[in-house]
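With the sequence up front, the predicted model follows.
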Amino acid sequence: MSRKVTKAIFPVAGLGTRFLPATKSVPKEIMTLVDRPLVQYAIDEARAAGIKEFIFVTSRGKGALEDYFDHAPQLERELEAKGKDKLLKTLQDTNMDSGEIAYIRQHKALGLGHAIWCARRLIGNEPFAVMLPDDVIAADKPCLQQMVEAYEEVGGNMVAAMEVPADKASAYGILDVQEDMGSLVSVKGMVEKPAAGEAPSNLAVIGRYILSPQILQNLEDKQVGAGGEIQLTDAIAKQIGTEEGVYGFRFNGQRFDCGSKAGFLQATVSFGLSRDELRHDLEGYLHEVMSSRKAAQ
């Protein structure tokens with residue numbers, strides 16, 4: 001089987017209830033982080049890693065997400081007529097060519113594993129990436145690109161991993177490490193949201209995966225796991241000890257959980273400070289806010 005990864009699945013069927021009432025009419029994935037929707041960060045990261053086919057697993061009410069990737073001829077003409085070439089280029093960079101993007105409907109919210117299984121016919125017998133747009137990663141070299149380069153060396157199945165404090169481990173899938181090889185670790189077990197004090201390591205799985213098509217076969221039985229849902233983690237865990245194997249990859253970068261309000265705000269500040277045209281004003285405002293808080297205390 002080839003180790004060339006050209007397809008990626010984006011599970012975007014969730015209701016985004018933590019962001020109500022905003023997500024009553026706006027899909028969470030197109031909520032704006034500075035001036036780009038969350039999903040655009042994931043698309044840009046995937047493109048940098050060599051992804052050519054983008055598969056979105058959606059649900060009812062995601063029409064605005066599909067519209068976002070469509071061309072906007074009238075707007076493009078207006079920008080061109082007004083000589084706003086930089087804005088025009090920015091807009092055109094969000095367009096997706098015909099045949100480059102596909103949408104699959106997940107009719108029932110049965111879990112992440114089920115969402116991935118829904119895309120099985122578009123994956124076929126090829127390795128594929130999975131990207132969760134809620135996880136936004138700031139990195140000099142995009143996270144998925146780092147993983148693809150490592151995957152070309154070892155193959156198998158690979159999950160992005162980061163170290164978390166012991167008191168946070170119960171919120172993640174945690175790796176049980178067999179051998180630590182630096183940026184790569186071989187995995188002998190995976191525990192989904194372990195009870196306090198029972199985590200086998202401090203390496204948590206986050207929303208970037210490179211998987212073999214065997215994972216889709218493992219999902220065929222639709223076995224219910226933690227939370228009464230079909231868990232992707234369980235399907236990956238079945239490959240531990242096989243010839244393929246499972247690896248954790250310590251990526252270089254900072255991950256923001258934009259599925260939570262606090263994480264979304266943290267990402268907004270961090271990405272804002274990284275922009276030359278915003279940094280001065282934002283730093284000044286943050287300094288004023290913190291000075292006022294200290295004075296009030």
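Noted; the coordinates are in hand.

Can you show me the strands along the stretch 101-250 of the chain?
Assigned by DSSP state E, counting those that start in this stretch, the strands in the stretch 101-250 of the chain fall at 101-105, 128-131, 135-138, 157-163, 173-180, 184-192, 203-211, 246-250.

Low-confidence ranges, the stretch 151-297 of the chain, go.
225-228, 297 (pLDDT under 70).

thinking again about what came up before, JSON lines please, covering the strands of the stretch 101-250 of the chain and showing distance to Gln231 and mean neighbour count.
The C-beta positions use only the backbone N, C-alpha and C, and glycine is treated the same way. Converted to JSON lines, these look like this (distance: least, CB to CB, whole Å; neighbours: other CB atoms under 10 Å):
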{"stretch": "strand 101-105", "distance to Gln231": "19", "mean neighbour count": "15"}
{"stretch": "strand 128-131", "distance to Gln231": "13", "mean neighbour count": "25"}
{"stretch": "strand 135-138", "distance to Gln231": "17", "mean neighbour count": "22"}
{"stretch": "strand 157-163", "distance to Gln231": "13", "mean neighbour count": "23"}
{"stretch": "strand 173-180", "distance to Gln231": "8", "mean neighbour count": "18"}
{"stretch": "strand 184-192", "distance to Gln231": "6", "mean neighbour count": "19"}
{"stretch": "strand 203-211", "distance to Gln231": "11", "mean neighbour count": "24"}
{"stretch": "strand 246-250", "distance to Gln231": "14", "mean neighbour count": "23"}
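
So for Ala109, what's the nearest residue that isn't a sequence neighbour?
Excluding its sequence neighbours, the residue lying closest to Ala109 (CB to CB, 6 or more residues apart in numbering) is Ala13, at 6.7 Å.

Assign a three-state SS to that neighbour, would you?
Of the three states, Ala13 takes coil under DSSP: H, G, I helix; E, B strand; the rest coil.

Could you count how many residues lie near it?
24 (other CB atoms under 10 Å).

With Arg293 instead?
9.

cool, and Val39?
Val39 has 24 nearby residues by other CB under 10 Å.

and it, helix, strand or coil?
Under three-state DSSP, Val39 comes out as helix.

Now do the contacts for it.
By CB atoms under 8 Å, 6 or more residues apart in numbering, the contact set of Val39 is Phe10, Val12, Glu29, Ile30, Leu65, Tyr68, Pro133.

From those residues, which land in helices?
Leu65, Tyr68 (DSSP state H).
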